[in-house]
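Chemist: Got a predicted model here, sequence first, then my questions.
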Amino acid sequence: MNVLIVHAHPEKKSFSSALKDTAKEYFKSKGDTVVVSDLYKMNFQPTGGKSDFKDIENRDFFKYQMEQLNAFNKDLFDDIIKKEMLKVEAADLIIFNFPLWWFSLPAILKGWVDRVFAMGFCYGAGKGVYEKGVYRGKKKGMLCFTTGGPDFSYTEDGFNGEMNKILFHINHGMLYFVGMDALPYFTAFGPARKSDEERKEYLENYKKHLGKIGEFKSLF
């Protein structure tokens, strides 16, 4: 299996980074191929624009999606974006590894989605979405993330709300939108407030979670 981990945390000593390393080591131990896009280390720019393209079609009115489509058809994507697209194409499983910031992805990871999940490349131009998405039956996607708050705050009655609802725009609106199987996610609740033993237990539980990937069904 080919695994792509898209990692979005600026601190290599963070627990989020420990989760990334755990997944990398786990899959390698199974003989899988693992590629990591460490977005902060790469200094990946989250803002899409004209610089995404080696040339643009409409110089009078810039429309990002239309220029993405033109770039896909004429092979005009910037080399950095094209490299990430090739990683996506090669992957059987894509893991988004990140801290939950403001109930969503960090900007650098959302920008990766904006720029890499481009029109023409993984949707549009005759390609369907959701159950007719281009990656239907071909790729799986999964979220692995940390939170600042404790587990009880992310329930239906908790002060942050139920986690499935919080993550819907990612699991449904990004992964499943392009046809991926959106697998059950892994959450490390408030690791900064946990003991060393509790953090070690999180890492062991993550390995167990990864071991069930072949059994998991898509959330949608």
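Modeler: The structure has been received and is ready for your questions. From a predicted model like this one, the values you see are computed outputs, not experimental measurements. Residues are numbered from 1 along each chain as shown.
Chemist: so what's the residue of the chain most remote from its centre scoring on pLDDT?
Modeler: For the chain, the residue at maximal distance from the C-alpha centroid (C-alpha atoms, centre = their mean) is residue 60, at 33.7 Å. At residue 60, the model reports a pLDDT of 97.
Chemist: how near is it to residue 74?
Modeler: According to C-beta to C-beta, to the nearest Å, residue 60 and residue 74 sit 18 Å apart. (Each C-beta comes from the backbone N, C-alpha and C, glycine too.)
Chemist: And for residue 61, the neighbour number?
Modeler: By the criterion of other C-beta atoms under 10 Å, residue 61 has 6 neighbours.
Chemist: Likewise for residue 32?
Modeler: Neighbourhood size, residue 32 [other C-beta under 10 Å]: 14.
Chemist: Over to residue 57?
Modeler: By other C-beta under 10 Å, 15 other residues sit near residue 57.
Chemist: for residue 159, same thing?
Modeler: The burial count for residue 159: 9, using other C-beta under 10 Å.
Chemist: cool, and residue 144?
Modeler: Neighbour count of residue 144, defined by other C-beta under 10 Å: 22.
Chemist: Regarding it, what is its secondary structure?
Modeler: Going by DSSP: H, G, I helix; E, B strand; the rest coil, the secondary structure assigned to residue 144 is strand.
Chemist: What's opposite it in the beta bridge?
Modeler: Beta-bridge partners of residue 144, counted by DSSP bridges, are residue 97, residue 186.
Chemist: And it, how close does it get to residue 64?
Modeler: 29 Å.
Chemist: same thing with residue 190?
Modeler: Taking C-beta to C-beta, one finds residue 190 at 37 Å from residue 64.
Chemist: pLDDT score assigned to the most centrally placed residue in the chain?
Modeler: By C-alpha atoms, centre = their mean, the mean C-alpha position of the chain lies nearest to residue 96, the distance being 3.1 Å. Predicted confidence (pLDDT) at residue 96: the value is 99.
Chemist: Relative to residue 65, how far out is it?
Modeler: Applying C-beta to C-beta to residue 96 and residue 65 gives a distance of 22 Å.
Chemist: repeat for residue 146
Modeler: 32 Å.
Chemist: The two: who's more crowded?
Modeler: Comparing residue 146 with residue 65 by other C-beta under 10 Å, the one with more neighbours is residue 146, at 22 against 13.
Chemist: tell me the contacts of that one?
Modeler: 14-16, 19, 98-100, 187-191 (C-beta atoms under 8 Å, 6 or more residues apart in numbering).
Chemist: What subset of these is buried?
Modeler: By neighbour count, with 16 or more other C-beta atoms under 10 Å, these hold 15-16, 19, 98-100, 187-191 as buried.
Chemist: now the strands for this structure?
Modeler: 2-7, 33-38, 93-99, 140-146, 181-182, 186-188 (DSSP state E).
Chemist: can you list the residues that contact the second one?
Modeler: Outside strand 33-38, the residues that touch it by C-beta under 8 Å, 6+ apart are 1-7, 20, 23-24, 27-28, 44, 84, 87, 90-91, 112.
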